[in-house]
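Undergrad: Compute the structure for the input listed below.
(one chain, ligands or ions: 1)
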Amino acid sequence: MSDTTALSQRPWFGALLYLIFGVAWIGGSDHLLGIVVTDAELYSQYQTYKGWLYVAFTAALAWLLLWQRSNAEMQSLRSRQLFEQTFELANVGIAHVSLQGRWLKTNERLQQLLGYTQYELQGMTFAQITHPDDLDKDVSQLAQLETGVRREYSMEKRYRHKDGHYIWCRLGVRMVDAPVFGKPFYISIIEDIHELKVIETELRASNLKFQALLDSDAAISIQGYEADGTTIYWNRASERIYGYSAQEAKGQNLLDLIIPESMADEVKTAIQQMLATGKPIPSAELQLKRKDGRFISVFSSHALVRLPDKPPQMYCIDIDLTEQKKHEQQVAYLAHYDALTNLPNRASFVQQLTQAIERAALRSYLIAVIMLDIDHFKNINDSYGHSIGDELLQQITQHLTEALQPMDYLARLGGDEYAVLLEDIEQAEDAVRLADQLLHCINRVWTLSNGIEVKISAGAGISLYPLHEINAEALLQGADAALYKAKSEGRNGSAYYSDDLTQSARERLRLESRLRTAILEQQLVLYYQPQVDIASGQIIGAEALIRWLDPEDGLISPERFIPIAESSGLIHEIGVWVIEQSCRQGELWHQQGLHGLSIAINVSPLQFQRCALIQQITDTLLSTGFPADLLELELTESALMTQQADVLTMLRQLKQLGVRLAIDDFGTGYSSLAYLKLFPLDVLKIDKSFIDQLPKHQQDAEICRAIVSLAHTLGFKVLAEGVEYQGQRDFLTAIGCDCFQGYLFAQPLTADDFFQLALQHKA
Ligand SMILES: Nc1nc2c(ncn2[C@@H]2O[C@@H]3COP(=O)(O)O[C@H]4[C@@H](O)[C@H](n5cnc6c(=O)[nH]c(N)nc65)O[C@@H]4COP(=O)(O)O[C@H]3[C@H]2O)c(=O)[nH]1
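TA: Prediction:
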């Protein structure tokens, strides 16, 4: 505080100072003057001057004081005006409030804000117009000011306007100790934030709404990324779909989170393009990566968001397609499969059959369609209910599946009807055999889970491509017609679409079953046809030819039963027996004095395809002691033409054993010069069909001449088959053929007869 302020605030102190100074001046100056001036007149004169000086000095002092005062008053007036103007013109409400909360002084802005006049407000407290929900907070903070805990506070609160509505305000309160009103008071600054508050509330509401919307659908993942791929937003669905919590995902890079490595470069380029052009990445179905490493199908859309003063952001909206995919798969499955048995349905069967027909047409093989139908299945449903019927169908399906080979195609056509597609079958009977097996599998007593026992039977119908029909639907209809026939005739078995085939198939199957018995009961025997040196007429060997001496039908020709043995697989058993029997017989004859007699045996192409043949021959030669170089294996052209590399290896192995190799029925098959050159053969047998019309038939004669010449060039011996007449023999002799066999010399004979004949010729 300056001296002048001190004086103006304490005037008595100024008066006292003036009194002391005046008394000191009068007393002190007179005394000093008395010492300095001794002359009384001069003294009196100086006293007058001194009096004037005092008057002048005090006048100056009075002027200074008055000037200062007027200056201070002017300043005080100006600052009061300034304060008043500031108070009144301020754009915020200002109020002086008593410690009891009464409005002491309010500015115009506040009066406008609250709708009351200054006078009305002075009769009220702030509490009267404070929203009840805000009052406690306001009062408690005010109490803190009063107790000196704090100097000021601010809060957002609602005042009630005179017309009753509430206005959101920001209140700042400070306590003023200077007792302008005689006591301390509060200065309240009240700012109208109502509009702001409304906007904020609306914004918060809309934010909540937006958030609720974003999180409402568990299948729609929404993710936000910075331009560099950093995750900034991750909704709840994203947590479920990708397995990362929002906390885990935020801050991580998109490429590390959900983009598979194989897509990383593509995604980077797409993002750069989107940022550069502003065009969103086209929506697409993608396979993205989950936290657990699994992939998930999503339909992904993208948006580029540009906010003012902020770098661009990308938003991805991914719709989880898992359920949709499952549904699609289910729909696709149901379109092609039967839901009860999980077997392909009719549509799939037709599709599969059509494709099989295309393959069969290219490679010329047989296809069979077997249709199976359970007898009186309706009765089972009616008697025991559909669930039992369903269970039975499931059991039957399982048994049928087990009875079939993996390449056979089983379908459920509907109800109690099944169909089987057999591709690349050797002959029609294969289908009947399988159909009978399947019927055998169905025709029995079935025990169901509830203990019920049900005896069922079924029928089968068969149609064949290309024998019966050449398209899928027609084949199915054919099998259906055959099934109907089988059932209507009460056959309780299978039937072909064509009756002839049914008969012949049954006949062949009967024969097959009898052949099994024949093997067991040793009804098979070997006959031997002499092979003769054409020049000397000497028997040089024998061809072993199998015969079936059936107790009922008598002698059954190999041409009838060998194909059945081949299709049923019995040929392997028969083949082993033939090799053993021939070698044993050859060795016996050798011991009986027929030295150097070769034995030729027929080897089926099927036997030839098995590696076991080498071992069988090795074992037999060892066990019988028959010399390998006297054993001749007759192979057909077709056996040599399949899988040439394997055949060549096999032939070489056989040659290493020392056995001789002959090619049978030469001229009826491929007759390729290339394989003649390639394979290590010893003998070439000209087929009977070229011999029959010799020597008259010019062409056959030339063919035989060419074969002999060719064979000799390649170092093979030539044997002519089926020589019946001397003319044929003469011609063959003339063209240099080495040997022959045929009725001219002898028919196939029993071992004993052969021995007798050979002895005679030896003699
Ligand atoms: N009309 C006439 N026929 C003659 C004459 N000379 C021989 N034949 C017959 O011609 C066939 C020659 O046998 P293939 O061509 O190997 O043809 C054989 C052979 O392919 C097959 N075969 C016979 N035995 C066996 C065997 O043990 N195993 C195998 N896999 N097939 C055999 O059965 C076919 C037929 O055998 P077979 O009925 O014994 O018939 C024999 C034989 O009896 C003749 O002058 N005139």
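Undergrad: So the most centrally placed residue in the chain versus residue 316, what's the distance?
TA: Compute the mean C-alpha point of the chain, and by C-alpha atoms, centre = their mean the closest residue is residue 295, 7.9 Å away. To residue 316, residue 295 is 16 Å away according to C-beta to C-beta, to the nearest Å. In short, each C-beta sits where N, CA and C put it, glycine included.
Undergrad: Output the longest helix belonging to this structure.
TA: Across the chain, the helix with the greatest residue count (assigned by DSSP state H) is helix 40-89.
Undergrad: Which parts of the stretch 401-550 of the chain are strands?
TA: Ranges of strands in the stretch 401-550 of the chain, per DSSP state E, counting those that start in this stretch, are 409-414, 417-425, 444-447, 453-456, 458-465, 494-496, 524-533, 539-550.
Undergrad: mean pLDDT for those: which is lowest?
TA: Comparing mean pLDDT over these, the weakest stretch is strand 494-496, at a mean of 73.
Undergrad: Does anything pack onto it? Which helices or strands?
TA: Where contact means 3 or more C-beta pairs under 8 Å, 6 or more residues apart in numbering; DSSP states H and E, strand 494-496 is packed against helix 428-442, strand 458-465, helix 472-488, helix 499-520.
Undergrad: how far off helix 428-442 does the longest one point, in degrees?
TA: Taking axes from the mean of the first three to the mean of the last three C-alpha atoms, to 10 degrees, one finds helix 499-520 and helix 428-442 inclined to each other by 80 degrees.
Undergrad: Would you mind listing the outside residues contacting helix 499-520?
TA: 427-429, 431-433, 436, 464, 467, 482, 495-496, 523-524, 548, 550, 560-561, 564-565, 567-568, 570, 573-574, 577 (C-beta atoms under 8 Å, 6 or more residues apart in numbering).
Undergrad: Mind doing that once more with 6 Å?
TA: 428, 429, 432, 495, 496, 524, 548, 561, 564, 568, 570 (C-beta atoms under 6 Å, 6 or more residues apart in numbering).
Undergrad: one step back: mind putting the strands of the stretch 401-550 of the chain in TSV, mean neighbour count included?
TA: Output for those, formatted as TSV (neighbours: other C-beta atoms under 10 Å):
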stretch	mean neighbour count
strand 409-414	20
strand 417-425	21
strand 444-447	11
strand 453-456	13
strand 458-465	26
strand 494-496	28
strand 524-533	21
strand 539-550	21
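Undergrad: Can you say which of these is nearest to residue 614?
TA: Residue 614 sits nearest to strand 539-550 of all those, at 19.1 Å, using C-beta to C-beta.
Undergrad: Against which helices or strands is that closest one packed?
TA: strand 524-533, strand 554-556, strand 598-602 (3 or more C-beta pairs under 6 Å, 6 or more residues apart in numbering; DSSP states H and E).
Undergrad: Relative to residue 80, which of those is closest?
TA: With C-beta to C-beta as the measure, strand 598-602 is the member of those nearest residue 80 (141.2 Å).
Undergrad: what's the angle from the closest one to strand 539-550?
TA: 40 degrees.
Undergrad: Residues of this protein that sit close to the ligand?
TA: 529, 545-546, 557-559, 562, 578, 602, 604, 634, 664-665, 721-724, 741-743, 748 (C-beta under 6 Å from any ligand atom).
Undergrad: Mind checking which of these are buried?
TA: 529, 545-546, 558, 562, 578, 602, 604, 634, 664-665, 721-723, 741-742, 748 (16 or more other C-beta atoms under 10 Å).
Undergrad: Inside strands: which ones of the residues you listed?
TA: Within those, membership in strands is found for 529, 545, 546, 602, 634, 664, 665, as judged by DSSP state E.
Undergrad: May I ask which two of the residues you listed are separated the most?
TA: Most distant of those, by C-beta to C-beta, are 546 and 665, 16.3 Å apart.
Undergrad: Kindly provide the distance from residue 159 to the ligand.
TA: Separation of residue 159 from the ligand (C-beta to the nearest ligand atom, to the nearest Å): 117 Å.
Undergrad: quick one: pLDDT of that residue?
TA: At residue 159, the pLDDT value in this model is 95.
Undergrad: And the contacts of the host helix or strand of it?
TA: In the assignment (DSSP states H and E), residue 159 maps to strand 152-160. Contact with strand 152-160 is made by 114, 129, 131, 134, 138, 141, 166-174, as judged by C-beta under 6 Å, 6+ apart.
Undergrad: What residues of that strand count as buried?
TA: By neighbour count on 16+ other C-beta under 10 Å, the buried set for strand 152-160 is 153, 157, 158, 159, 160.
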